[in-house]
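# Predicted model, plus sequence, below.
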Amino acid sequence: MISFVKYSPDTGEILSRGIASTESEALLSEKQGVAVLFNKEQKPVSDITHYVDIRSNEIKNKIENPTVSDGKKLTNMPQGCFLTAIGPSIVNTETEDSQFLLQDVPSGRYTVKVKPKDPKYLQAKFYLKV
């Protein structure tokens, strides 16, 4: 059996993973805009903790998300992030900034997920009080 991942050739984000009896069988499911990389080392791979380095064409571990929180705002975010804040209201937004301040929402405690567009970073979760 051959282990493989399907990933975005533009970003390296792993979209899915699978097992096939032959390389040809794995390639049959390849779609336009999606590439296949064989996991020759048969190491466990997850789209949550891994990405494909498109320069070296290798599966690599994601690195820590550098975002930090002071309890009211987020700073040091990687360039380009998707943010989801869940609390007294729900906010979904996208930002290119390195900082984020949750504002114009009902007061309360929010759980904020930071998902960088760059797949080499892990997703992070923070708690902010507004």
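Now that the structure is in, tell me what you want to look at.
# Could you list the low-pLDDT ranges of the protein?
28-30 (pLDDT under 70).
# Domain ranges for it, per the record?
For the chain, automatic domain parsing gives the domain ranges 2-61, 68-129.
# As TSV, these with mean neighbour count would be great.
Placement of C-beta: from N, CA and C, glycine included. What follows is these, written out as TSV (neighbours: other CB atoms under 10 Å):
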stretch	mean neighbour count
domain 2-61	15
domain 68-129	15
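# What ranges does the protein have for its strands?
2-7, 14-20, 35-38, 50-53, 58-61, 68-69, 73-75, 81-86, 90-95, 100-101, 109-116, 124-129 (DSSP state E).
# The last one pairs with which strands?
If you go by DSSP bridges, strand 124-129 pairs up with strand 109-116 (antiparallel).
# which residues make contact with the partner strand from outside it?
The contact list for strand 109-116, computed with CB atoms under 8 Å, 6 or more residues apart in numbering, reads 65, 67, 74, 77-78, 80-88, 91, 100, 102, 123-130.
# between it and strand 81-86, how big is the angle?
Inter-element angle recorded for strand 109-116 and strand 81-86: 160 degrees (by axes from the mean of the first three to the mean of the last three CA atoms, to 10 degrees).
# Residue 59: what's it in contact with?
For residue 59, the contact set (CB under 8 Å, 6+ apart) comprises 5, 14, 37, 39, 43, 45, 50, 51, 52, 53.
# Could you rerun that using 7 Å?
5, 37, 39, 45, 50, 52 (CB atoms under 7 Å, 6 or more residues apart in numbering).
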